[in-house]
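Visitor: When you get a sec, could you give me coordinates for this:
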Amino acid sequence: MTEPKKNEMVAELNEKLSALKDKENTLGSEARKFAEKRDELNGRVGSLRDEVLDLRSQRDELNDRVKELKLRRDEMRAGIREKIEEIKKLGEENKTLAKRKPSQSHKAVQKEIESIEWTIQTTSLTLQEDRALVEKVKQLETQLSIHRKLEQLAKRIAQLRTETQTMKAETENLHRQLSENAQKSQETHRKMLEKIDELKTLKAEADDMHRRFLQAKETTQPIREEMKTTMNQIKLLKRELLEETQKERKESENVLRETLESKAKEKLKRGEKLTWEEFQLLAEKGITEQG
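Guide: Residues are numbered from 1 along each chain as shown. A predicted model of the protein is given here:
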């Protein structure tokens, strides 16, 4: 292949490489946009998940409150004597249960349960890992139930002592509170379901952005491979051109050397004075004197 042809091929390959780089940059820019959008959506998903957990906790607290109010209202209707007996019974129960009170605080147990449940919801686990975590939650919930029971008992006893003095008035007050909490619980539950629907929508969008991101990255890979191949082709052609240029230069130098040597020999035969370069040239050949 001639040198002009190779130079032409190098130019064509450089043009191709430039086009490939532009294409890679475009796809890379798209991939970054998808990743940024995905991260933004995932951030919103995380915030919404926190809101859902908070609303669920509020709803559960309200439901617990409703149950408690119903129980208190019904118990008050049974009479002061029944309440005194109940206070005595609950006092004994509290004393017995206190012996089984876990070493961890209520808050610490609840926090650990929430952490494990979060791991189950958001982490890809093996069946064995999932079962182990579920079993751990069951154990912690047993401890939590003891905390809750102890707290409920203490609160219940104090409330019953007060209710014996204000039974009729408190009955009406409890009924009102029960209705309010039940209404708040329903409203909180409705808000929670709305947030869950919104969360699912955002999660689907985030997953779609991630899919597009991976697709863009996957599309970029063969382009990079082609760029690598093209650059290797350019390097090979340039190396061949350099070798040819060096060969031509050497041939030209040899021709020039032979010409100078011939002229120096003629001058030597004629007895003419040689230049230092001519003398060195003939000396290399072992020719320094006429004849």
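
Visitor: in the chain, which spans are helices?
Guide: Taking DSSP state H, the helices of the chain run over residues 3-77, 80-98, 106-122, 127-163, 167-270, 276-284.

Visitor: will you turn the ones you listed into a markdown table that also has mean neighbour count and mean pLDDT?
Guide: All C-beta spots, glycine's among them, are computed from the backbone N, C-alpha and C. Shown next, in a markdown table, are these (neighbours: other CB atoms under 10 Å; pLDDT from 0 to 100):
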| stretch | mean neighbour count | mean pLDDT |
| --- | --- | --- |
| helix 3-77 | 15 | 82 |
| helix 80-98 | 13 | 83 |
| helix 106-122 | 14 | 87 |
| helix 127-163 | 14 | 85 |
| helix 167-270 | 14 | 82 |
| helix 276-284 | 13 | 73 |
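
Visitor: Can you tell me the closest non-neighbouring residue to Glu117?
Guide: Val137 (6.7 Å; CB to CB, 6 or more residues apart in numbering).

Visitor: my read: the one you found touches Ile116, true?
Guide: Yes. Taking contacts as CB atoms under 8 Å, Val137 lies within contact range of Ile116: 5.4 Å.

Visitor: for the residue nearest to Glu117, what are its contacts?
Guide: The neighbours of Val137, taking CB atoms under 8 Å, 6 or more residues apart in numbering as the test, are 113, 116-117.

Visitor: same thing with Ile196?
Guide: Val52.

Visitor: Val52 versus that one, what's the distance?
Guide: 6 Å (CB to CB, to the nearest Å).

Visitor: repeat for Lys168
Guide: 41 Å.

Visitor: ok so, going back, okay, the contacts of Val137 in a markdown table with distance to Asn25 next?
Guide: Output for the contacts of Val137, formatted as a markdown table (distance: CB to CB, whole Å):
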| residue | distance to Asn25 |
| --- | --- |
| Ile113 | 49 |
| Ile116 | 45 |
| Glu117 | 44 |
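
Visitor: Nice, that's everything, thank you.
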